[in-house]
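S.K.: sharing a model prediction with you, sequence too.
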Amino acid sequence: MASDTNFIEDFHWLMDVLQDIDVGLVILNREFEVELWNSFMQNHSARMPDEVLGHSIFELFPELPASWFKRKAEAVFVLHNSAFTTWEQRPYLFRFKSYRPITSIAEYMYQNSTVIPLTDTRGQVNHICLIIYDVTEVAVNRLQLQAANAKLHTLSRTDGLTGLLNRKSWETELHVEFRRFQRHQHGSSLLMFDIDHFKRVNDTYGHPTGDEVIRRTAKVVKDALRDIDVAGRYGGEEFAVILTDTDASGAKVVAERLRTTIEQLTITHEGNSLQFTISLGIAELNPSITDPGAWIEAADRALYKAKHAGRNNSVIFSN
Ligand SMILES: Nc1nc2c(ncn2[C@@H]2O[C@H](COP(=O)(O)OP(=O)(O)OP(=O)(O)O)[C@@H](O)[C@H]2O)c(=O)[nH]1
C-alpha cells in the first residue's frame, strides 16, 4: 500500500515537472491525436489542453508538414529509434511567435525537435513524444553572424566610394575571364577609362566635388552595363570593365555610349555645377595576349593614345 502511494506521488511530481519544464512536450498516438500537451505548448500556442486533446495534430496545426512528419514518425514507431530535426533543416515545426526582446529580428520561434518512441509494458510503441526546444537565441546569433560575414565579404570586395569592385577583386575576375578565354576562345574585351583633367576638377572645385564626379561616373557605368559585365575602380579616377562575349567593335559601341552619356552629364554639388569628359582604351583578347597583365597593358596603351589624340574619345588597341 505504501509503495502504491509512493508511486502515485512520484507520478504526480513527474507530471508537474513535465508540465512546467521549459520545452514543449506533445504525446501523439498512432492516429497522430494529441494525448499530452504541456504548459510550454499551451502558452506558446494559446490553445488549452481541452481544445487539443483527442484531436489530430495536423488539423490543429496546418503548418506542420504532414507527409514529412508522418514519414519521420513512422520510422520512430517501427524502428523504435529517436529522430532529431534542427532549425537549420526546418526553422520551426509549430509557428509560435517569438517574444524574446533580444530577438526582435526573429518573428517566429526557431525550434529544434526530437521525436522519441514511448514503449508500453508489452514492449510495443503505440505512442511517440515530440519534444520542442526553443533555440531562437542560438539561431538568431548564428544568422546575424552569417549576415555580418556576408556583408564583410562584400565590403572587402567593393570600393567604398563607388560600390564597384575594388582593384584586387576586379583583377581576380580578370584572371577568371582570361582562363575562360583560353578554354573557349570566345570574344572578350577590356575597357579602361579615365576622367579627363581630373586634377583640375579637384583643384577648382575641391576634393568632395571630385569624389562626387567619381561616384556619378560609377553610376553611369553601372546603369549602362549588362549584368555579366564586370566593372571595377582600377585607381583614383581610372575605371576598368570586362565586357564578356564582346568583340572590339561591340566594345567600341559600349565605350561611345559611356563617353557620350558622361559628356552630356551636368553635376551639381555643394553649389558647383560642372561638366566633364572621359577617354577610353579598348583591347579585345586574342591569342597573342599571353597573360592578364598584357591584356591590361594593351587597353592602357589604347587609353594613352586616346589621351594624346585630344581626350574625350575612345581608341581600339592595335599593335
Ligand atoms: N577627389 C578625388 N580625387 C582623386 C581620387 N583619387 C585620385 N584622385 C586625383 O585624381 C587626379 C589624377 O590626376 P592625373 O593623373 O594628373 O590625371 P588628370 O588630371 O585626370 O589628367 P589626364 O588623365 O591626363 O586627363 C590626382 O589629382 C589625384 O589626386 C579620389 O578618390 N577622389
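M.R.: Sure, I can see it.
S.K.: give me every residue in the stretch 151-300 of the chain lying close to the ligand.
M.R.: Counting by CB under 6 Å from any ligand atom, the residues of the stretch 151-300 of the chain close to the ligand are 161, 194-199, 202, 207, 210-211, 214, 236-237. Every C-beta, even on glycine, is put in place using the N, C-alpha and C of the backbone.
S.K.: buried subset of the residues you listed?
M.R.: D194, I195, D196, F198, N202, G210, I214, E237 (16 or more other CB atoms under 10 Å).
S.K.: restricted to strands, list the residues you listed.
M.R.: Counted as lying in strands by DSSP state E, out of these, are D194, I195.
S.K.: quick one on the thing from earlier: can I get the residues of the stretch 151-300 of the chain next to the ligand in JSON lines including pLDDT?
M.R.: Shown next, in JSON lines, are these (pLDDT from 0 to 100):
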{"residue": "L161", "pLDDT": "96"}
{"residue": "D194", "pLDDT": "97"}
{"residue": "I195", "pLDDT": "98"}
{"residue": "D196", "pLDDT": "98"}
{"residue": "H197", "pLDDT": "97"}
{"residue": "F198", "pLDDT": "97"}
{"residue": "K199", "pLDDT": "96"}
{"residue": "N202", "pLDDT": "95"}
{"residue": "H207", "pLDDT": "95"}
{"residue": "G210", "pLDDT": "96"}
{"residue": "D211", "pLDDT": "96"}
{"residue": "I214", "pLDDT": "98"}
{"residue": "G236", "pLDDT": "93"}
{"residue": "E237", "pLDDT": "96"}
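S.K.: what is the nearest of those residues to T246?
M.R.: Lowest distance from T246 to these (CB to CB) belongs to D194, with 20.2 Å.
S.K.: let me see the contact set for that closest one.
M.R.: For D194, the contact set (CB atoms under 8 Å, 6 or more residues apart in numbering) comprises E237, E238, F239, I278, S279, L303, K307.
S.K.: any chance of JSON lines for the residues of the stretch 151-300 of the chain next to the ligand, columns distance to T119?
M.R.: Formatted as JSON lines, these follow (distance: CB to CB, whole Å):
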{"residue": "L161", "distance to T119": "67"}
{"residue": "D194", "distance to T119": "78"}
{"residue": "I195", "distance to T119": "78"}
{"residue": "D196", "distance to T119": "83"}
{"residue": "H197", "distance to T119": "86"}
{"residue": "F198", "distance to T119": "80"}
{"residue": "K199", "distance to T119": "84"}
{"residue": "N202", "distance to T119": "81"}
{"residue": "H207", "distance to T119": "77"}
{"residue": "G210", "distance to T119": "77"}
{"residue": "D211", "distance to T119": "72"}
{"residue": "I214", "distance to T119": "72"}
{"residue": "G236", "distance to T119": "74"}
{"residue": "E237", "distance to T119": "76"}
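S.K.: now, those residues that are in helices?
M.R.: F198, K199, N202, H207, G210, D211, I214 (DSSP state H).
S.K.: hmm, which two among those are most spread apart?
M.R.: For those, the farthest-apart pair by CB to CB is K199 and D211; their separation is 13.9 Å.
S.K.: which parts of stretch 312-319 are buried?
M.R.: Neighbour-count burial for stretch 312-319, counted by 16+ other CB under 10 Å, picks out N312, N313, S314, V315, I316, F317.
S.K.: with stretch 17-36 instead?
M.R.: L18, V23, G24, L25, V26, I27, L28, F32, E33, V34, L36.
S.K.: is it fair to say S273 lies in a strand?
M.R.: Yes - S273 sits within a strand when classified using DSSP: H, G, I helix; E, B strand; the rest coil.
S.K.: which SS state does the closest residue to the ligand within the stretch 1-150 of the chain fall under?
M.R.: The ligand sits closest to A150 of the stretch 1-150 of the chain, with a gap of 26.3 Å, by CB to the nearest ligand atom. For A150, the assignment made with three-state DSSP gives helix.
S.K.: pull the contacting residues for it.
M.R.: Not one residue lies near A150 by CB under 8 Å, 6+ apart.
S.K.: tell me the confidence at it?
M.R.: pLDDT recorded at A150 is 93.
S.K.: could you do W68 as well?
M.R.: pLDDT for W68: 96.
S.K.: just D10 next, same as before
M.R.: Looking at D10, its pLDDT reads 75.
S.K.: near it, how many other residues are there?
M.R.: 10 (other CB atoms under 10 Å).
S.K.: the chain should start at 14 in everything you say after this.
M.R.: Okay, using 14 as the starting number, the last item reads as D23.
S.K.: which residues touch it?
M.R.: Neighbours of D23 in contact, by CB under 8 Å, 6+ apart: none.
S.K.: so it is in which element?
M.R.: In this assignment (DSSP states H and E), D23 forms part of helix 15-33.
S.K.: would you mind listing the residues in contact with A237?
M.R.: V267, R270, L271, T274.
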